[in-house]
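Visitor: Any chance you could fold what I've pasted below:
(one chain, ligands or ions: 2)
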Amino acid sequence: MALEKITWKCIIPGCYKSHESRTLAKSKKKVSKQSSFQRLSLSDVSDPSSPLCADDLSNSLIASKLHVFSLAELKAITNGFSWSNLLGEGGFGPVYKGFIDNKLRPGLDAQPVAVKLLDLDGLQGHREWLAEIIFLGQLRHPYLVKLIGYCCEDEHRLLVYEYMARGSLENQLFRRYSAALPWSTRMKIAVGAAKGLAFLHEGDKPVIFRDFKTSNILLDADYTPKLSDFGLAKDGPEGEETHVTTRIIGTQGYAAPEYIMTGHLTTKSDVYGYGVVLLELITGRRSIDRTRPSREQSLVEWARPCMKDTRKLDKIIDPRLEGQFSSKGAHKAAALAYKCLSHQPKCRPTMSNVVTILEALQDFNDWFVRPFVYVAPTENSSNQYPVKDERIRSETEKDGNEENGIHCHSNNNGWRPLVTYSDTSLYSRFRNEF
Ligand SMILES: Nc1ncnc2c1ncn2[C@@H]1O[C@H](COP(=O)(O)OP(=O)(O)OP(=O)(O)O)[C@@H](O)[C@H]1O
Ligand SMILES: [Mg+2]
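Guide: Ligands and ions are numbered 1, 2, ... in the order given. I've put the predicted structure just below:
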């Protein structure tokens, strides 16, 4: 059954100055229908590019959950948008840390916030700002970042979010000079992000996130992930429709191949993007890395042959994990990523399938580190290495798995995988196979 389209004008009384003559009775009727039955979608906005003023928005149902800030207030709480408060910068513009004290707004607790400021010379604009407000103003979930408020003054457009203490997953996963994220944390992030996507996909009115990637997964102090950036989000297909057709936008390396080819967008396009992020968590590599040899630049193409093969999986697991991960969990996670990255959208799992599979592997603990006594080789000692080590070396060479100086090897007598770190030659670690 086709639902009556509810327009933005009806939801926000008086939001379009040219339509002030519209009857209040009509708008009230539609407002109640919207509020009781369904979420307002971006497509309901008759003309998303039309500027709305702050007063218009503040009268809306959506904005009733949000705080409206003035530019002067946001300037004050970010220390004048100072460089020292800068958290990062993306396509929308710079993001600054700010501090709200309990005097700023009644009902708004004192807290740190992130203030995103539209770059007036950038490629994004009012439409992306509005999309963020329409989606995040209505959708609340533990795995979606919380939008606290916004500012709309003249041409200025700002968004105020809860502050996420550990920044983006991109920074945490790929930052060079910090400890690697442990396996259990990676899996915690994978499950939480999957729950966020499942919530979007499986609501009454599905939402396609469209820009799922590590920089859009923010982490709070205890590494709970939350999805951010709804600027490119789209309402999913309704009724009999199988997809929505859109212009092709997103981020290279994460966009599903069929979406790039046809512009047809489905929730399964997000599942593909999720598969890329899961693979990034497993390998510690970026989806596209131009600094690597050409055949390794596309993570998916490089990893695909190894993802389902238990014997080859060690070749692609993040060496920074130093062997400290669950073998069983890694195999299951890689097989899941493989399914998410299927060329056929129909073969990809739903996000609730993903959640179920990942939740089951959270508790795998089939790894532990044994102390290893390193015996420094003496002159002519090369032929005195234990037989096991010797065999590993030769099989490793056969596998050609010498990358990063890490050698991985399977044996058949219960010890495995063995990872030796030849760059330092200081220690080796054994893990039991279960
Ligand atoms: N709520 C927040 N709390 C803490 N840091 C944040 C928050 N939102 C954004 N950031 C920081 O600001 C950076 C820029 O975020 P932003 O979402 O604008 O761009 P991006 O995700 O890096 O790029 P893109 O425009 O392609 O999405 C993030 O990488 C993150 O480090
Ligand atoms: Mg982002």
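Visitor: Following the record's annotation, map out the domains of the chain.
Guide: As recorded under automatic domain parsing, the domains making up the chain are 2-162, 169-361, 373-433.
Visitor: so what's the backbone phi/psi at the residue of the stretch 301-434 of the chain found nearest ligand 2?
Guide: As assessed by Cβ to the ion, ligand 2 sits closest to residue 351 within the stretch 301-434 of the chain, at 19.5 Å. (Glycine included, C-beta is placed from N, CA and C.) Residue 351 adopts backbone torsions of phi -70, psi -30, taken as degrees, to the nearest 10.
Visitor: Look up the closest residue to it, ignoring the ones flanking it.
Guide: Of all residues not flanking residue 351 in the chain, residue 198 sits nearest, at 3.7 Å (Cβ to Cβ, 6 or more residues apart in numbering).
Visitor: Helices of this protein, start to end?
Guide: Along the chain, counting by DSSP state H, helices occupy 8-11, 24-37, 54-58, 71-77, 126-136, 169-174, 183-201, 257-262, 267-283, 299-307, 327-340, 351-360, 387-399.
Visitor: contacting residues for residue 216?
Guide: For residue 216, the contact set (Cβ atoms under 8 Å, 6 or more residues apart in numbering) comprises 168, 227, 228, 229.
Visitor: Out of these, list just those in strands.
Guide: Among the contacts of residue 216, the ones falling in strands (DSSP state E) are residue 227.
Visitor: Drop anything exposed from the contacts of residue 216.
Guide: 168, 227, 228, 229 (16 or more other Cβ atoms under 10 Å).
Visitor: In contact with the first one, which residues are there?
Guide: Remark: with contacts taken as Cβ under 8 Å, 6+ apart, residue 168 is in contact with 88, 214, 215, 216, 217, 218, 219.
Visitor: Could you report the neighbour count for the residue in the stretch 51-200 of the chain that ligand 1 sits nearest to?
Guide: At 1.8 Å from ligand 1, residue 90 is the closest residue in the stretch 51-200 of the chain, using Cβ to the nearest ligand atom. By other Cβ atoms under 10 Å, the residues close to residue 90 number 17.
Visitor: Contacts only, for the closest residue to it other than its chain neighbours.
Guide: In this structure, residue 90 finds its nearest non-sequential neighbour in residue 215, 6.8 Å apart by Cβ to Cβ, 6+ apart. By Cβ under 8 Å, 6+ apart, the contact set of residue 215 is 90, 168, 169, 170.
Visitor: phi, psi of the residue of the chain found nearest ligand 2?
Guide: Here the residue of the chain nearest ligand 2 is residue 229; by Cβ to the ion that distance is 3.8 Å. According to degrees, to the nearest 10, the main-chain angles of residue 229 amount to phi 80, psi 80.
Visitor: Surely it is in contact with residue 88?
Guide: No. The criterion here is Cβ atoms under 8 Å, and residue 229 misses it with residue 88 at 11.8 Å.
Visitor: With adjacent residues omitted, what lies nearest to residue 236?
Guide: residue 206 (3.3 Å).
Visitor: show me where pLDDT drops low in this structure?
Guide: Along the chain, segments meeting pLDDT under 70 span 1-64, 367-434.
Visitor: Ligand 2 contacts on that one?
Guide: 90, 215, 216, 229 (Cβ under 5 Å from the ion).
Visitor: and of those, the nearest to residue 278?
Guide: residue 216 (14.5 Å; Cβ to Cβ).
Visitor: What distance do you get for the closest one to residue 93?
Guide: Residue 216 sits 15 Å away from residue 93, going by Cβ to Cβ, to the nearest Å.
Visitor: repeat for residue 78
Guide: Distance, residue 78 to residue 93, by Cβ to Cβ: 13 Å.
Visitor: These two: who's more crowded?
Guide: Neighbours were counted for residue 78 and for residue 93 using other Cβ under 10 Å; residue 78 has more, 24 against 19.
Visitor: That one is in contact with residue 94, isn't it?
Guide: No. Using Cβ under 8 Å, residue 78 is not in contact with residue 94, being 9.8 Å away.
Visitor: Max pairwise distance over the contacts of residue 216: which two?
Guide: The span of the contacts of residue 216, defined through Cβ to Cβ, is set by 168 and 227 at 11.1 Å.
Visitor: got any residues that touch both of the two?
Guide: Shared contacts of residue 168 and residue 227, defined by Cβ under 8 Å, 6+ apart, comprise 216, 217, 218.
Visitor: just those that are near ligand 1?
Guide: For ligand 1, the contacts drawn from the shared contacts of residue 168 and residue 227 by Cβ under 6 Å from any ligand atom are 216, 218.
Visitor: what's the closest non-adjacent residue to residue 286?
Guide: For residue 286, the spatially nearest residue (Cβ to Cβ, 6+ apart) is residue 174, at 6.2 Å.
Visitor: Quick one: residues contacting that neighbour.
Guide: Per Cβ under 8 Å, 6+ apart, neighbours of residue 174: 214, 284, 286.
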